[in-house]
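> can't give you the sequence, but here's the structure:
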């Protein structure tokens, strides 16, 4: 009797029959396992410092890589804030137009379109290596502006060009920071680490804004840019000590696909994961409707509503950042007891409500006090959002998925450009109120539509 042979399906056919997450990551059974939940600590997390582990807020500093990354991110954030204030005020004074100010502010976020590709590049060459290249580029561009200022050849056009080049890569800096934290931090310290990391941006908005305003007022634009260049160079040197220099390859994958295939896999994973779709929509919403009101438009509020100078603008920015810093510290201490997605939704609604109150504050003193609360609500919304993403995204996809997340920041220049003409026609208070009402309505729609993924206590985004 002839032996019957069993027909074995073609490998590609079998691969297509498997779930999307297993096709992209062959050994990732669930997002939680792939993201490292319940897995051993990464090598860089070993050898924690005793003093750090005894103090909750300082526990992330027990990881050697974080001891380099935090000051590197701090120096970069200080330089960012100093540049934003110096150049924003320069454009407003030189042109006298709030529309030009909004266009300039938008240029700094055009790089969100490149963020997914830079995320793929980070997956391929290593996140630390890519971050070093980016920070070297910041230093070069700042040196160009410093030279223009010292030679007296700076103009709105030249500042626009440099801002466009810097804006092509700056939005991806936050992506690389967050991915590196996810790579090097044990899961139990993730919320605390993200809270501590966020203090770099918050403290920069306080000290960086005040330092930038003080230096440019006292010494001029050229000397102020010496400090900016020094911070960028310091951040580059410190970043060299961060772990995560190797390329990230999915388990079981021996051959590299094309960069576009990598990006397509990341987009497909987001689309097939409801919680990621919900977070992406919410991220775009807040960037479109509320971030512009306390971002670039604060220069308009300071100059045209409160009739303040550069120092007054610095105090407004510092008030907002102080509240955000309080939120970051609170999360670094108590973050492990919170449910990230729930706190994200509640504080998002509070953020909108407080921004409406700020828009109608008539005196600078009240504006500063309310901005402190706005900053607090903002961080209690945005930091848990980042933690929720890191919890559900597999390690080998973090670069490209968080790169796609940065596309949501593109809502910021869109909202900013739309706000310019509306403010000139209806005023800041009316425009801000309309933006926030639209925002909170859609936030409630998101909360109801994806309540299973964002509100249930047993959802992956709410596990403690």
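Received, thanks. Only a predicted model underlies this, so the values are computations on that prediction, with no experimental measurement involved.
> in this structure residue 339 contacts residue 458, no?
No - the pair residue 339 / residue 458 is not scored as a contact, 10.1 Å apart, by Cβ atoms under 8 Å. Where C-beta positions appear, they are placed from N, C-alpha and C, glycine not excepted.
> and these two? Which one has more around it.
Applying other Cβ atoms under 10 Å to residue 339 and residue 458 shows that residue 339 carries more neighbours, namely 19 against 7.
> next secondary structure after the helix or strand where residue 133 lies?
With elements taken from DSSP states H and E, the one containing residue 133 is helix 127-151. Following the chain from helix 127-151 toward its C-terminal end, the next helix or strand by DSSP H and E is helix 156-167.
> tell me the helix or strand right after that following helix.
Where DSSP H and E defines the elements, the next helix or strand beyond helix 156-167 is helix 171-184.
> okay, buried residues for the longest helix anywhere in the chain please.
With residue count as the measure and DSSP state H as the assignment, the chain has helix 64-95 as its longest helix. By 16 or more other Cβ atoms under 10 Å, the buried positions in helix 64-95 come out as 64-92.
> what's the angle between the helix holding residue 133 and helix 156-167?
Here the directions of helix 127-151 and helix 156-167 differ by 170 degrees (axes from the mean of the first three to the mean of the last three Cα atoms, to 10 degrees).
> and the angle from the longest helix of the chain to helix 156-167?
An angle of 160 degrees separates the directions of helix 64-95 and helix 156-167 when computed by the same axes, to 10 degrees.
> gap between residue 422 and residue 211?
Spatial separation of residue 422 from residue 211 under the definition Cβ to Cβ, to the nearest Å is 33 Å.
> let me redo that: residue 176
When Cβ to Cβ is applied, the distance between residue 176 and residue 211 equals 25 Å.
> out of residue 422 and residue 211, which sits in the more crowded spot?
The residue with the greater number of neighbours, taking residue 422 and residue 211 and applying other Cβ under 10 Å, is residue 211; the counts read 20 against 15.
> can you tell me the SS state at that one?
Local secondary structure at residue 211 is given as helix here, using DSSP: H, G, I helix; E, B strand; the rest coil.
> chain neighbours aside, what residue packs nearest to it?
Counting by Cβ to Cβ, 6 or more residues apart in numbering, the nearest residue to residue 211 once its immediate chain neighbours are dropped is residue 82, at 6.2 Å.
> for the protein, which spans come out with low pLDDT?
Scanning the chain for pLDDT under 70 picks out 1-57, 108-109, 111-112, 208-210, 212-213, 244-259, 335-336, 464.
> could you find the closest non-adjacent residue to the residue most central in space within it?
Centroid-nearest residue in the chain, with Cα atoms, centre = their mean: residue 174, separated by 4.4 Å. In space, and not counting its chain neighbours, residue 174 is closest to residue 406: 7.4 Å by Cβ to Cβ, 6+ apart.
> that neighbour: what's it in contact with?
Counting by Cβ atoms under 8 Å, 6 or more residues apart in numbering, residue 406 makes contact with 112, 115-116, 119, 171-172, 174-175.
> residue 60 versus residue 337, what's the distance?
Computed with Cβ to Cβ, the distance linking residue 337 and residue 60 is 16 Å.
> what about the two, which has more around it?
With neighbours defined as other Cβ under 10 Å, residue 337 and residue 60 compare such that residue 60 has more, 29 against 8.
> what's the spacing between the residue lying closest to the more buried one once chain neighbours are set aside and residue 103?
Nearest residue to residue 60 in three dimensions, chain neighbours excluded: residue 193, at 3.9 Å (Cβ to Cβ, 6+ apart). Between residue 193 and residue 103 the distance is 36 Å, computed by Cβ to Cβ.
> between the two, which has more neighbouring residues?
Counting neighbours by other Cβ under 10 Å for residue 193 and for residue 103 shows that residue 193 has the greater number, 28 against 19.
> buried ones in whichever strand or helix holds the more buried one?
Assignment of secondary structure by DSSP H and E places residue 193 within helix 190-203. Of the residues in helix 190-203, those buried by neighbour count under the rule 16+ other Cβ under 10 Å are 190-203.
> for residue 370, give me its contacts.
Each residue near residue 370 by Cβ under 8 Å, 6+ apart is listed here: 354, 357-358, 361.
> now residue 197
Shown in contact with residue 197 (Cβ under 8 Å, 6+ apart): 60, 69-70, 73, 177-178, 181.
> rerun at 7 Å
For residue 197, the contact set (Cβ atoms under 7 Å, 6 or more residues apart in numbering) comprises 70, 73, 177, 181.
> got the residue ranges for the strands in the chain?
In the chain, no segments count as strands under DSSP state E.
> related to what we said a few turns ago, what subset of the contacts of residue 370 is buried?
With neighbours counted by 16+ other Cβ under 10 Å, those contain buried members at 354, 358, 361.
> okay, those in CSV with distance to residue 327 next?
Putting these into CSV (distance: Cβ to Cβ, whole Å) gives the following:
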residue, distance to residue 327
354, 12
358, 16
361, 20
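> mind listing which of those are in helices?
By the criterion of DSSP H, membership of those in helices covers 354, 358.
> just the buried ones among the contacts of residue 370 now: which is nearest residue 300?
Nearest to residue 300 among the buried ones among the contacts of residue 370: residue 358, at 13.3 Å, using Cβ to Cβ.
> wait, that closest one sits on residue 375?
No - the pair residue 358 and residue 375 fails to qualify as a contact (Cβ atoms under 7 Å) at a distance of 10.4 Å.
> mind checking how far the residue nearest to residue 60 is from residue 376?
Residue 193 sits 20 Å away from residue 376, going by Cβ to Cβ.
> same question for residue 445.
Distance from residue 445 to residue 376, counting by Cβ to Cβ: 25 Å.
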